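S.K.: Below is the sequence, then the predicted model.
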Amino acid sequence: MTKKIVITGVGATSPLGGTVAESWAALLAGESGARSLEHEWVSKYELPVTFAAEAKVRPEEVLERPVAKRLDPSSQFALISAMEAWADAGAPEVAPERLGVDFATGIGGVWTLLDAWDTLRERGPRRVMPMTVPMLMPNAAAAAVSMHFHARAFARTVASACASSTESLVSAYEHLQLGLADVIIAGGTESAIHPITVAAFSSMQALSRRNDDPATASRPYSVDRDGFVMGEGAASLVLETEEHARARGARIYAELAGGGVSADSYHITANDPEGRGASRAVQQALAAAGAVPDDVTHINAHATSTPVGDIAEFTALKTVFGDRITEIPVSATKASTGHLLGGTGALEAVFSILAIRDRIAPPTINLTTQDPEIPLRVSGEAQPLGDGAQLVVSNSFGFGGHNAVAAFRSV
């Protein structure tokens, strides 16, 4: 029998705020998290892009120093968001062997890795920290969350670029269906706003270069879009079977109704222009949810603001929804948050859940002149979703041809 999987807690630390409530309020207010970078390395390396969407609240302001010093920033963000989600879920009493962690990252501890390399070159091997490897490994965030909450069912890590944390949600859904845990903390994190990544993404022409106006740089679907804005932060969700949640009297936000994962097998960085893998992932998510395209009331799109990527996603959505795609309210929230890479899917999942709770599709800022080749129903103002049953689809696509889609339903 298929179990109903529900969300009972959410947490986030993002470029818009240090909590879910702060991030959601700023998103609805049309704020941008993109700002000029105030680091000496920007001018030192003469970076062509001088802005990004850094987390609004630094992790050292939240975590105790002994905890923070043993974690890469990516793991720090993960733990902060997980702590908020766990408290929001009412700190459920669950046997450690029945509590699991599915936590993702796209890159992992890049700051730890490159700081250690600098230390080795400048000061020699004896000065490299003994905790370097445990801090830089991609599974460090999942491990930190697992150890903090004594989660012993499993602590699994997905690393599928920008699809990572949505894929972790799909994995958590499957693991709960299989009975491997009663409660799972799932999500994703990233802290990769580093000179090497800024330089590398710039080199491949992926980043917007609107250095004179960072707040308007990310502009999905606009005819003058010129690339994405790097972001950082993390988001977490507490997932459990409905039976377990109701038995403990938990507040339920929504149902994780299903998910889909596919691969393009097309190009290491470019989307399949026909959107075949992406459309297949959407169809899989709807099938798992026992739903049809006409049931969908809102879409949180991947929408990175790249000239090619936005069109490829529209093509995929048109394949699934046909002409009705122009009627479904769509939000492109990266316009406000920037692109959190491996953490972005989890943050957009939180936004999708809150859209269901508040019956509102958040605005897409910076939409100047909409590209006529992408005739989606997208607006610079929040769009009401109505009082009926809601089914929201959240898309994430990553380098390597990874596609992951989650579907959330009102309860």
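M.R.: Right, received. Where do you want to start? Owing to the predicted nature of the structure, the values given are computational and were not obtained by experimental measurement.

S.K.: For the residue sitting nearest the centre point of the chain, which three-state class applies?
M.R.: Residue closest to the average C-alpha location in the chain (C-alpha atoms, centre = their mean): residue 344, at 1.9 Å. Three-state assignment for residue 344 (DSSP: H, G, I helix; E, B strand; the rest coil): helix.

S.K.: Can you tell me how far it is from residue 190?
M.R.: Distance of residue 344 to residue 190, given as C-beta to C-beta, to the nearest Å: 8 Å. From N, CA and C alone the C-beta is placed, and that goes for glycine too.

S.K.: which residues do the two both contact?
M.R.: In terms of C-beta atoms under 8 Å, 6 or more residues apart in numbering, residue 344 and residue 190 are both contacted by the residues residue 231.

S.K.: rewinding a little: quick one: contacts for the nearest residue to the residue nearest to the centre of the chain once chain neighbours are set aside?
M.R.: Counting by C-beta to C-beta, 6 or more residues apart in numbering, the nearest residue to residue 344 once its immediate chain neighbours are dropped is residue 162, at 6.0 Å. Neighbour list for residue 162: 106, 302, 304, 339, 341-342, 344-345, 396-399, 402 [criterion: C-beta under 8 Å, 6+ apart].

S.K.: looking at this, residue 162 is in a helix?
M.R.: Yes. According to three-state DSSP, residue 162 belongs to a helix.

S.K.: Okay, now the unreliable bits of this protein?
M.R.: Of all residues in the chain, those with pLDDT under 70 make up the ranges 1.

S.K.: go again using 90 as the cut-off
M.R.: Low-confidence segments of the chain (pLDDT under 90): 1-2, 271, 368.

S.K.: show me where it has helices.
M.R.: Along the chain, counting by DSSP state H, helices occupy 20-28, 40-44, 65-68, 73-88, 110-123, 132-136, 140-149, 164-177, 195-203, 242-247, 276-288, 307-321, 334-337, 344-358.

S.K.: Need the winner for burial among the ones you listed.
M.R.: helix 334-337 (a mean of 30; mean count of other C-beta atoms under 10 Å).

S.K.: Just give me how far that one sits from the chain centre.
M.R.: For helix 334-337, the separation from the chain centroid amounts to 11 Å (computed by C-alpha atoms, centre = their mean, to the nearest Å).

S.K.: how about it as CSV, C-alpha atoms only?
M.R.: The C-alpha trace of helix 334-337 is given here as CSV (Å, rounded to 0.1, in the frame of the first residue of the first chain):
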residue,chain,number,x,y,z
LYS,A,334,15.6,32.5,-8.0
ALA,A,335,15.0,36.0,-9.2
SER,A,336,14.9,36.9,-5.4
THR,A,337,17.2,34.3,-3.8
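
S.K.: Now do it: which elements does it pack against?
M.R.: helix 20-28, helix 344-358 (3 or more C-beta pairs under 8 Å, 6 or more residues apart in numbering; DSSP states H and E).

S.K.: re the thing from before, now distance to residue 379 too, for the helices of the chain, in TSV please.
M.R.: Output for the helices of the chain, formatted as TSV (distance: least, C-beta to C-beta, whole Å):
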stretch	distance to residue 379
helix 20-28	13
helix 40-44	34
helix 65-68	40
helix 73-88	28
helix 110-123	36
helix 132-136	42
helix 140-149	35
helix 164-177	24
helix 195-203	29
helix 242-247	33
helix 276-288	22
helix 307-321	16
helix 334-337	12
helix 344-358	13
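
S.K.: so which of these comes closest to residue 328?
M.R.: Closest of the helices of the chain to residue 328 is helix 307-321, at 6.6 Å (criterion: C-beta to C-beta).

S.K.: quick one: the closest one to helix 276-288, angle?
M.R.: Orientation of helix 307-321 against helix 276-288 (axes from the mean of the first three to the mean of the last three C-alpha atoms, to 10 degrees) gives an angle of 40 degrees.
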